[in-house]
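# Predicted model and sequence below, questions to follow.
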Amino acid sequence: MTTAMIKSATPETIKEAADIIRQGGLVGMPTETVYGLAANALDGKAIAGIFEAKGRPSFNPLITHVADTEEAQLYGEFSEGALTLAQTFWPGPLTMIVKRCKGCPISELVTAGLDTIALRVPAHKTARALISTSGCPIAAPSANISGRISSTTPKHVAEQLGDKLDIILADGQSQVGLESTVIDMSGDRPVLLRYGAVTAEDLEPYIGKVSMIEKADKIKSPGMLIKHYAPSIPVRLGAVDVKKGEALLGFGQTKFMGIEGGGFAKDLPEESYKNLSEAGDLTEAAANLFAMMHALDNNANQGIAVMNIPDTGLGLAINDRLKRASAGAAK
Ligand code: TXA
Ligand code: MG
C-alpha cells in the first residue's frame, strides 16, 4: 500500500488528473458527499478498471458526474419534474435516475445494460474542475473497496485503494460525509432509492409525493432493488458448441467451435456472433459485455450461447451477471 500518489488539488494536479481520466486511468476524486473512484464514462475499459479496483463481485450501475444540466440532457431524458429538480438542487448531493437518451454515448457497463442512467452534478469545486478540464462525463462510485465504508478523506481512499489508483486528488474532508440522495425519476412516480442530505421533504414541494423504498429492504442490500438487464431470449452458459438458431457470445479463440448440424461459429453472420475478447482479456470482456448482449438480443437469434469465462478477477463479476441473465431470460 502506498500513499505516494496523493496530490493536493491545484490547477496543475487537476490538469494531470484530467489527462489520466482522458487516457483511461483511475482517479480518486473529492466530492462534497464522499470521495469517488473516477474514470471516463465513455471508456468501457476504464470503467471495467473501476470494478476491478473495487473488487465488486457484481456489476452495479454507477453514477455519471457531469458539468451541468445541459450536459446531463445529452445522456438522459428529463421529464418536467426531473428538470425542476435539476434546476433546484444541482450542483449538489442529489442523483437522479432518468431514461438513457437514444444514442447515449456513455458505456453500457456504467449503466449495467439498463435503459436508465444515474446522473449528478457535484457541487465540489475540484470535482467540477476535473469534469470541465477532462471534458469527459465521469463515472464514479464511492472510493471504497466493496463492502467497506465510503471514504471521506484522501487518507481513507489511499488506505483502501492506494495501490490501484493513478492519482488521488486531495481536497480535505468531504463536507456532507454521506453518499448522495438517489431519486428515481424514470417512472410515473418519483421513488427515493437512497437517503442522503437532500430529503423527501426537500423534494416534495417541487414534484409532489415521493415514495420511499422499504427501510428493511434497503438495509438488506440496495443492489437487490435494481432491476437487472436480461436479454429477451434464453442464454446458455458454458457452451462448447452452437445449437441451431443460437447466436454465439465468444470469449477467446473460437476458430474450431462448431455449429450443430454443420459449419463453424466463426462464419456466423455479424448479428449472430460477437466475441467479448478474442485475446481472452477479462477487462476487455467486461467493457463489451452489456453492449454485446444487447446486440445479440435480436430477431435473427432464438438464444445466446456463451462460452466459458474464467471465474477469476473480473470474470467473477462477468459470470455473476451472465448467470442472472440466463436465469432471467424468457423460456
Ligand atoms: O455521493 C455519491 O453519490 C458518491 C459520489 C462519489 O458521487 N457516489 C456513489 O456511487 O455513492 P455508488 O456507485 O457507490 O452508488 C450509486 C448508487 C447505487 O446504489 C446504485 O445501485 C444506484 O446508485 N444506481 C446507479 N444507477 C442506477 C440505475 N440506473 N437504476 C437504479 N439505481 C442506480
Ligand atoms: Mg458505494
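Sure thing, it's come through. Ligands and ions are numbered 1, 2, ... in the order given.
# is it true that Phe78 touches Ala86?
Yes - with contact defined as CB atoms under 8 Å, Phe78 counts as touching Ala86 (6.6 Å). Any C-beta I mention is one placed from the backbone N, CA and C, and that applies to glycine too.
# who has more neighbours, the two?
The residue with more neighbours, out of Phe78 and Ala86, is Ala86; 25 against 19, by other CB atoms under 10 Å.
# element containing that one?
Per DSSP states H and E: Ala86 is located in helix 80-89.
# sorry, back to before: for Phe78 and Ala86, list the residues in contact with both.
Common contact partners of Phe78 and Ala86 (CB atoms under 8 Å, 6 or more residues apart in numbering): Thr69, Ala72.
# re the thing from before, which SSE is immediately downstream of the helix holding Ala86?
Counting by DSSP H and E, the next helix or strand C-terminal to helix 80-89 is strand 94-100.
# averaged over its residues, what pLDDT does that following strand have?
Across strand 94-100, the average pLDDT comes to 98.
# Which strands or helices does the helix or strand just after that strand pack on?
For strand 94-100, the following helix or strand on the C-terminal side (DSSP H and E) is strand 116-120. Strand 116-120 sits against strand 63-65, helix 69-75, strand 94-100, with contacts defined as 3 or more CB pairs under 8 Å, 6 or more residues apart in numbering; DSSP states H and E.
# In TSV: the ones you listed, plus mean neighbour count and distance to Val110.
Shown next, in TSV, are the helices and strands packed on strand 116-120 (neighbours: other CB atoms under 10 Å; distance: least, CB to CB, whole Å):
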stretch	mean neighbour count	distance to Val110
strand 63-65	27	6
helix 69-75	17	10
strand 94-100	23	10
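# Take these and write them to TSV, including distance to Ala295.
Output for those, formatted as TSV (distance: least, CB to CB, whole Å):
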stretch	distance to Ala295
strand 63-65	22
helix 69-75	20
strand 94-100	16
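# how about a markdown table for these, with distance to ligand 1 added?
Below are these laid out as a markdown table (distance: least, CB to the nearest ligand atom, whole Å):
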| stretch | distance to ligand 1 |
| --- | --- |
| strand 63-65 | 5 |
| helix 69-75 | 12 |
| strand 94-100 | 5 |
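# neighbouring contacts of the helix holding Ala86?
69, 72, 76, 78, 94, 96, 98, 121, 183, 185, 190, 198, 202-203, 206-207.
# Let me know the closest of these to Ser142.
Nearest to Ser142 among these is Leu94, at 15.6 Å by CB to CB.
# Distance check, that closest one against Val235.
Leu94 sits 36 Å away from Val235, taking CB to CB, to the nearest Å as the criterion.
# sorry, back to before: out of the contacts of helix 80-89, what pair is the most spread apart?
Maximum pairwise distance among the contacts of helix 80-89 (CB to CB): 21.0 Å, between Gly76 and Asp202.
# Comparing the two, which residue is more hemmed in?
Set Gly76 next to Asp202 and count neighbours by other CB under 10 Å: Gly76 wins out with 25 against 15.
# list the contacts for the residue lying closest to that one once chain neighbours are set aside?
Nearest residue to Gly76, sequence neighbours excluded (CB to CB, 6 or more residues apart in numbering): Val98, at 3.8 Å. Listed by CB under 8 Å, 6+ apart, the contact partners of Val98 are Gly76, Glu77, Phe78, Ser79, Ala82, Thr116, Ile117, Leu119, Met185, Ser186.
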